[in-house]
Every structure is written in C-alpha cells, then in structure tokens.
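**Student:** Turn this into a structure:
(chains A, B and C)
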Amino acid sequence: MPDLTQLTLTQVRQQLADKSRSAAEVTEAALTRIQATEPKIQALLSLQAEEARAQAKALDAQGPDAAKPLWGVPLIVKDVLATKDAPTTCGSKILENFRPVYDATAVARLKDAGAIILAKANMDEFAMGSTTENSAYFATRNPWDTSRVPGGSSGGSGAAVAACQCYGALGTDTGGSIRLPASFCGIVGLKPSYGRVSRFGMVAYGSSLDQIGPMTRSVEDAARILQVIAGHDGRDSTSVEAPVPDYVAALSERGDLKGLTIGLPAEYWDKGLSPEVAEACGAAVKQAEALGAKTVPVSLKLSEYAIATYYIIAVAEASSNLARFDGVRYGLRDKSAESLIEMYVKSRTQGFGEEVQRRIILGTYVLSSGYYDAYYRKAAQVRRMIRQDFEAALTQCDVILGPVCPTTAFKVGEMTSDPLQMYLMDIFTISTNLAGLPGMSLPVGLGRETGMPVGLQLTGRAFDEARLLQVAGVLEKNVPATGIAAL
Amino acid sequence: MTRYETVIGLEVHAQLKTRSKIFCSCSTQFGADPNENVCPVCSGMPGVLPVLNRKVVEYAAKMGLAIDCRINRTSIFARKNYFYPDLPKGYQTSQFEQPICEHGHVDIVTAKGPKRVGVTRIHMEEDAGKSIHSAHDNASYVDLNRSCVPLIEIVSEPDMRNAEEAVAYLKAIRSILVYLDICDGNMEEGSFRCDANVSVRPFGQEAFGTRAELKNLNSFKHVQKAIDFEVERQIDLVEDGEQVVQETRLFDANKGTTHSMRGKEEAHDYRYFPCPDLVPLVLQESWLDQWRSELPELPKAREQRFLSQYGLSSDAAEVLTSERDMAEYFEAAVAAFAEPKKIANWLMTDILRELNQTGGRAGDLLLTPQNLATLVRMVEEGAISAKSAKDILPELLLTGADPEELVKAKGLVQISDTSALAADIDAVLAENPKELADYRAGKTKLMGFFVGQIMRRTKGQANPAVVNQLLAEKLK
Amino acid sequence: MKISPEEVAKVARLARLDLTPEKIDQYAGQLDGILGYMDKLSELDTSSVEPMYTPVDQISVMRDDVVRKDFTREEILRNAPETDGAFFIVPRIV
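**Tutor:** I've put the predicted structure just below:
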C-alpha cells in the first residue's frame, strides 16, 4: 500500500476530487515528508508551509472544483520562477532577500488550477550548471544515493519529486536542466518546444533557449501539468499562439507503438556511453520495437558542434540578462561602497558565484567589438544548421531516441574542477534547446553497475508534445519500473 | 577662420505621444509623482519581458514617410548594453543593424538659400529614467517614470555646415513631428532632445576631422551657441597644432562654453545583439498604405499653400507654418476675418514677440484667433486706431478678454465721425491763430502740429486718417 | 593564447566585476580552453546561412496602446535596498 506521498499526481488528484482525501490532509502529508527528507537531500531553498496550509484550508472550505484540474495538489517550483511574495533567489546570494510582487505566468496558471505551491526548489545559480553544486547555498543530494548529485540545474525540483516531497514540480531547461536531473533522479521530465510555455516570470538565463516544464513521477502527471501551463501569454512576445491540444486525452489514444518510426542517431548511441546506460536504454528501444515501432538510423551530423554553439549563445544572452543585478532596485547591495561604480562592482562580485562570473565574462567577451561576428553571429548561423539537421532527421522518423546522459548520477564533487568537462555533459540534451524542439526524459530502469536511474531521451517535432507524451506513456508501462527511492 | 569647414551632424531623440510605454502598459503621462508610472517590466525586475506597443511603430513609420525615408519592411530590436542607475535592465532596447527607416531628407532654408539635409536613419528605442543628484547627502535619486517611454532617434547625415543650418534643420524636424501629432516637440520638458556632433576640417579635405559630441542643449539658442563655441574651440586647437579629442562635451548655458564630460573617456562597447525577447517586426503593405493616407498636410506643403492661397510673402509663409499651432491659429483667424496679409502682419510682429518672450505656443494663447480677427477687423474698419489696438493687446493676451468689450470699457472707440471731428478741427484751428497764419503763409510742416493738437484734444481717439483728410480740406 | 589576462580584466570591468589577479589568471586559462573549443565552429561553412536568433517563426507581435496600472509604487519600491518611499536611492552618480 503506497504511502499517500508516493501516489502519483494523477492518483492524488482523483482522490482529492472525489473527496476521499482533503486538501489539508494531502498538504500536511507532503509537509511531513519534506521535514523527514530535507536533512538528507536539501532540495529546498525556502518552504511556504503556513501559506500552503492556509491555502489548503481555504480550498477545503470551498470544496473540490472540477474547473480546477489540479485542485488541492501540492507542487514545488524551481527558485528561478517568480512566486509572488515568496523568496525567489535563483540559487544566488544576489537575490537572497528578494520577494517578487508578481507570479510567473506558469506559476499563476498552476495556482488558478487549484494547485498548492509548497516550496521553492534549489538549483544551480541562475540555472548555470548541471549538478546543482553551483547553488550559492548548498548542494542538493540525489535521493537514490545521497553521495551523488541529482543533476542540474533543476536538481532541487528533481530530488523533491523523487523523494515524494510533492506530486510534481516545475523545472526549467536551457541546455538540459529538466531532462538531466529527471534522468539522474529516475523521474519524468519534459522540456516543451520553445514558445509553448510562457517565460514571463522565469528569471532569464539564455532567453532564446529557456523553457519551463514539468518534472513528475509519471508521464500522465507531466501531461496534466503541461496542460495547465502551456499556451499563449500576451506578456511573452515569444510565446506562440498555436492551440494547446488535450495532452491527457492524447495519452489514451495509443496502447502500443504500431506505425511509429523511431530514429536512432549514431551520434547519440556510439558516443562513449557507460555500459549500464547503453544497456538500459538499448533495452528500452528493444521494447519499443516489440511494441510495434520501426527503428531507423538517422544522422545528426552537426551534433559535435552543438556544445560550442550553445555555450556562445547562452553565455552571451546571460551576460546581458544578468546586467540588471546591480544593487539599485532590488537584490544585494554592498552598502560600504562609497561611489556608484564601487557599489556596482562590489555588489555583483559578492553576489555572483564563480560559475556565473565565468559565464558573464565569457558572454561579454563573445559579444564584444571585434568578436561578435566570429562568435555570436557564427553560432547563430550554426544554430540554424543544427535545426535544419533535426528537421531533416524528423522527416524520416516521428521521434528520436537516445540516452539523456552518457552516465548515471556521479558523485558530488567529481566534476567541479574543470568547467569544460562539465559543459560536455550536456552533449545529448543541448541540441534540443538550440533547435527549439520538445524533449523528454523517461526513466527506463536502474543501472546495472551503480543502481542509479537511467533516463531515455525522446525528442520530437516542434509542438508535437502530445506524441512525445504518448510514446513515453506507452514505454513507461513496458520498461522495468524504477520505483521510489528508498530515502 | 575661413580656411576651415565645419561639419555638423545632429541626433534628435523625440518622445512619442503614445498613451502607454513602448514595452509595457504604464502611462507616459508627464509630471506624475516619482515612480508612480512604473511596473516590473519598466523597472527591469527579474523574469519580466517586453511587448511592443503598436502605436510606436505607427508613429515611427509616419515620421519616416513624412521625411521620404525608405521604410524597412523588416526591422529588428537590439540590446545596447551599458550600466547606469536610470537604465534598469543594464541595457537599452533599441535598433541597431536594421532600423525601421533609413535614407530620408529634410529641406531647410538658410540665408544662402534652400538646402537639403540627409537623414541617415530613424529607429525606435526606449527612454531611460531620470536621476536627481544631491550634493549635500552624496546620493542620487532615481525615478523610473520615464524609463521605457518610447523614443525615436533621428540621425542626420553630417550635412550641416554652421549653427544656422543646424537650427534650421532642428526646427524643421520638430515642426514635422508636431504636425504629425506624434511628439510635443518641447525642448524644456525633454520631449525633444538634441545632441550635436561637431568637427572641423581644412577646406577641400575629404576626410572628416575628429568630432566631439555636444550634450545638454536645451533650446535652439543653446544649440547655436554651443556649436559656435565648439567650432572656435576646435579651430583654435587645430591651429595650435593640437588634436581634437573624440569625446562628449557638455554645454554650460551660463558660460556659453562646452567642457569635457569626463577626464578619461573610456570608449563604450555596447555589444549590440538582437534582443531575444522580441521577434522581428515585419510591416505589412496595408499598414503603410493606411499610415500614408493618414499623414496630415506637412509644413512644406502648407507653406506652399499659404503662398498661393493667401498670397503671403515667402517670409510670412515660412514663419507662419513653422509651428503647426501658429499655422492653425492663422487659418482660424483668417476664417473669421478674411484679410490674410493683415492678420499675418499682426501675428508676425506683436503676437510672435509675445510668444518669444513667454516661450509659449500659439495654441496656448488666451487671445483666441477669432478675437484677434475681431481686433484686426476693428482697426481696418476704423472702429479703433491701430495705436489703441496695440495698446490693449497685452491685456487681451493676458486675460483673453473680448476685444469689443474691452475697447468699450476703456472708451477707446475711435472717433471717425466726420462731423464730430470737424468740430474738433475747428476748435484747434481757432485756438492756434498764429500757427494757422504761418501755415497759410507757407509753413506746410505745421500740418503735423495741427494733427497732433487734434489727437491731444481727442485723447488720441481721433482717426488720424480722417483727421488728415478733413484738415487738408479745411486748410485749402 | 586566445584570451590574455589583460583582456579578461578589461572584460571584467565592462561587466562590473572585480577579479583578484589569481582569479583573472584562472579565468584566462579556463576561458582560453573554452574559446579554443569554440573554434570548432570555423570548420563549418556558414557563408549562405542566415543567423537564427530565436526558434519561433512569429513576427510583429504587438499590443494595443492601452494604459494599465497594476502595481502600486510601494510594491515597486518594496525590494529596494535604499529608498525614501518615492525614489530609488544610490550613491551619488558623479
């Protein structure tokens, strides 16, 4: 009999709707679980327990509302997303005491759907990192093995979901930051197509790459959250007006994978995968074939250029996006400074961690006079070529499959000495952000060697999230169950 | 002095009269309490995003159409990155490689004749906030009401060769902006700002000299003085064998001089790149057709019409059309009393003098065009002497009073009644028998004396023309 | 050497960051490696390729010229490190 906190979002949502559980009961169970697990994993930067309790009480007084698809469901939100009157630090000291007076659109939509936001999740500072070790506060631990990283930058969200602190979380993904922690933590993570979910209220890192997405314990859970947050927002000029399909309904339209063509890029499979990852992902592909899918080799020959392209574009945009953190209107200000420029320099130097400073400098450099054409403009050109590469491959198949990461979660501290090594971990996820396509991570079992979760990545055509969810939903039922981390 | 040629280019920043800001919905209303017209977007809070105001695009395109620019069907917004407390995001969203308009021109008239000044480009951008500096508590106070107010930057070719041309160009640009009703054109309030790039080179040299950028030019007079001072300063430097430094210089209105802004000028690297939060702006032909059809009669066209329709002198036509307010005032007055030349005369002398003194605009005058027309009519019909009219004009301007009533109240109704005047004339001639005799003896200059006496006797209210006529008859 | 310590220092100034000499050297070394890696892109012929600055295809996204006031001044100033309730206050700008 699973613990209340171990239910999926879909299950608890139903129990709340038919009143077999009250919102207060569910919220309280989550808060208790948080208290029990936080000392071991440190997934959260701030907890809004009293607000959550008050909200649950108010909801119970009104009674379940069929018009609110997430009525009473406790969720957690990555600390890069603005939550009105609650701390929003982006994992940085520079925003230590910042409380925005607005909600991110995605957060507001969750609240309007009746969800209860319990807490803000830890992350790599300003989403720059792949392990959550770059948080200015503390490192989050993987619930499957607390000597290992949960992945990043949405590591707090990933760990929180995996540890059953909540029924789902919002993460953000600029180069793999939803998919990688989902993979390392054995949960589902979805990065929607660029423009599918409004970026308003998401503190910008790489503006042309960033997306918000769900991290959950089941595919259906992810579909339910995506349903609420997706769709055009007049406050985001890059959000698309394309209609939002019924993702949940789409899931029940497919029981197998007949008629589906799966693309397997050599660049993703021949690339020095650890044996356990190759095995678990390979088995999943075999399952897909057994379920009726056809597999074809496809070529993504520009894959080797993706990391260089990504890092030029992301850091350039970031260097500009982070200029607003100057101590004038909010955030950390060094009050000992006697002049304005001293105030700027001291506040920013104290407030930003090392990785952030490194990327700001790199970004400033690639945009600077004399280098713009060689770096930024060149990267933007290669970016178009990479997208064309994907579009061509996706004319030969419906979905591309590959591992999320060559390895499972590694030990804390293992990767922090060489930044370039760290960047190379994003090798499989990064192209999806460049191309603006949707990508998912689906847990396909525990690695034979480490016992750590392995994630399979599904990449689809633009705005084809419904198909991705369908395929993932079918596979989910036909691969070894990952289960719940014993924490 | 004549061995050097001055080269001047002007950058105008015009605030557009939209209701809301360029990238957010805050009000652009001038004069609000500090930070009242501010939201998370225009104060650069974390996670906020810009959304373009379509009226800004319309206004920018209309200016481009009005000055014969090529309107770029596709234009891009770019970030101009630098740090300043009144620049909340640490970058200004502007346009760089692909502005909305390019390659236009404005025709001006100078003492030497007409001249065409090229306009390199017009682009849209957001304004920054304002800071007030306090010396005594070593702090600056930042108000973001103006942050994100829409601007168009109009950049001229370096076609001007002296301060007069520069001022003529600025007046022409401002006039068009006001005619289009897209900008207030108010230099004092800051809705029309101008920086001047000034350099000198020996006559005949093709290469430009090093230029200095002049800022803090808050009136046309400042522009003219600053340029004149700067030209002399640069020529002096060059003649002494020194280099002109490329720098920004502030105009000091009190001293009439320019001085360098900073000791050590670090060249700005703005690191322009296309703003990833905005998408390309592609103008549809139907929008341009619509905007073109909505353009009002522009200053030059109106000037031509005033010449032909009202038969005004070219000087009058130019002066009266230079400000849209004034042109409309003129036409409203003429509509009330169809004597364009007479009305033009009044406007160009007394009224303009008044406006120059107060710094006001024709549209603000309390004396309505209809009332001015009445005043002029009264003079033409002889109901009041021209002198009396000029005398009461200040009060009319001050109070906006009805001229007919004021004339009556002050008892200034001119005496044109021939029989009444005949009596006065007889009286004066009777009182001055010696002068009458001298006049008849040949001292015809005494006519003036008699007129003077009659004017005195009638307290200046006698119609001089009628007096002269009657007197001449009597003295025959 | 793709990026010298002097260039790192100059860029840091542009970005309003203060780096110790050790940090400058460290960053110079790391950035050198990263920039060297980015040189890979010169292997590709992009002469006929339009740069792609955003993945979305939409154009001319605009809103109507309508005024809204959704936030009070107090909310805007609430997170200010120094304010008198009307202005943001900073050390004197020169």
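**Student:** Give me the distance from the strand ranked longest in chain C to the chain's centre.
**Tutor:** Longest strand in chain C by number of residues (criterion: DSSP state E): strand C:88-91. Strand C:88-91 has its average C-alpha position 22 Å from the chain's average C-alpha position, going by CA atoms, centre = their mean, to the nearest Å.
**Student:** Just give me the neighbour total for whatever residue of the stretch 201-350 of chain A ends up closest to chain B.
**Tutor:** Nearest residue of the stretch 201-350 of chain A to chain B (CB to the nearest CB) works out as A:Ala323 at 2.5 Å. Where you see a C-beta, it was placed from the backbone N, CA and C, and this is true even at glycine. The burial count assigned to A:Ala323 is 24, neighbours taken as other CB atoms under 10 Å in any protein chain shown.
**Student:** Domain map for chain B?
**Tutor:** The record, using automatic domain parsing to delimit domains, assigns chain B the ranges B:4-288, B:297-409, B:418-475.
**Student:** Could you look over those and pick the most buried one?
**Tutor:** Mean neighbour counts were compared across the domains of chain B using mean count of other CB atoms under 10 Å in any protein chain shown; the top stretch is domain B:4-288, at a mean of 19.
**Student:** distance between the ends of it?
**Tutor:** Domain B:4-288 has its terminal residues 44 Å apart, counting by CA to CA, to the nearest Å.
**Student:** same check, this time on stretch A:66-75
**Tutor:** The first and final residues of stretch A:66-75 sit 18 Å from each other (CA to CA).
**Student:** Start from the N-terminal end of the stretch 51-200 of chain A and give the helices.
**Tutor:** Counting by DSSP state H, counting those that start in this stretch, the segments of the stretch 51-200 of chain A that form helices are A:105-112, A:155-162, A:179-185.
**Student:** what about the shortest one, average pLDDT?
**Tutor:** Mean pLDDT, helix A:179-185: 98.
**Student:** quick revisit: which of the domains of chain B sits closest to A:Glu267?
**Tutor:** Comparing the domains of chain B by their distance to A:Glu267 (CB to CB), the top pick is domain B:4-288, with 26.9 Å.
**Student:** just how off-centre is stretch A:40-58 within its chain?
**Tutor:** Its chain's C-alpha centre lies 20 Å from the corresponding centre of stretch A:40-58 when counted by CA atoms, centre = their mean.
**Student:** ok so, going back, show me what the longest strand of chain C packs onto, helices and strands only.
**Tutor:** With contacts defined as 3 or more CB pairs under 8 Å, 6 or more residues apart in numbering or on different chains; DSSP states H and E, strand C:88-91 has these neighbours: helix A:340-351, strand B:139-143.
**Student:** In the stretch 51-200 of chain B, what residue lies closest to chain A?
**Tutor:** When distances are taken as CB to the nearest CB, the stretch 51-200 of chain B approaches chain A most closely through B:Gly90, which lies 2.5 Å from it.
**Student:** Out of the domains of chain B, which gets nearest to C:Leu17?
**Tutor:** Ranking the domains of chain B by their distance to C:Leu17 (criterion: CB to CB) puts domain B:4-288 first, at 11.2 Å.
**Student:** I'd like the distance from the closest one to the chain centre, please.
**Tutor:** Computed by CA atoms, centre = their mean, the separation of domain B:4-288 from the middle of its chain amounts to 17 Å.
**Student:** And the residue of chain C closest to chain A?
**Tutor:** When distances are taken as CB to the nearest CB, chain C approaches chain A most closely through C:Pro55, which lies 2.5 Å from it.
**Student:** just to revisit the earlier point, can you pull the contacts of the residue of the stretch 201-350 of chain A closest to chain B?
**Tutor:** B:81, B:83, B:89-91, C:15 (CB atoms under 8 Å, 6 or more residues apart in numbering or on different chains).
**Student:** 7 Å instead, please
**Tutor:** B:81, B:83, B:89-91 (CB atoms under 7 Å, 6 or more residues apart in numbering or on different chains).
**Student:** again, but for C:Val67
**Tutor:** For C:Val67, the residues meeting the contact criterion (CB under 7 Å, 6+ apart) are B:19-20, B:25, B:27.
**Student:** Ok, B:Ile176 next?
**Tutor:** For B:Ile176, the set of contacting residues under the criterion of CB under 7 Å, 6+ apart consists of B:66-67, B:298-299.
**Student:** Enumerate the residues of the stretch 251-400 of chain B near chain C.
**Tutor:** By CB under 7 Å from any CB of the partner chain, the residues of the stretch 251-400 of chain B that approach chain C are B:269, B:274, B:276, B:279-282.
**Student:** Just name the closest of those residues to B:Glu242, please.
**Tutor:** Set against B:Glu242, the nearest of those by CB to CB is B:Asp269 (27.1 Å).
**Student:** Thank you, goodbye.
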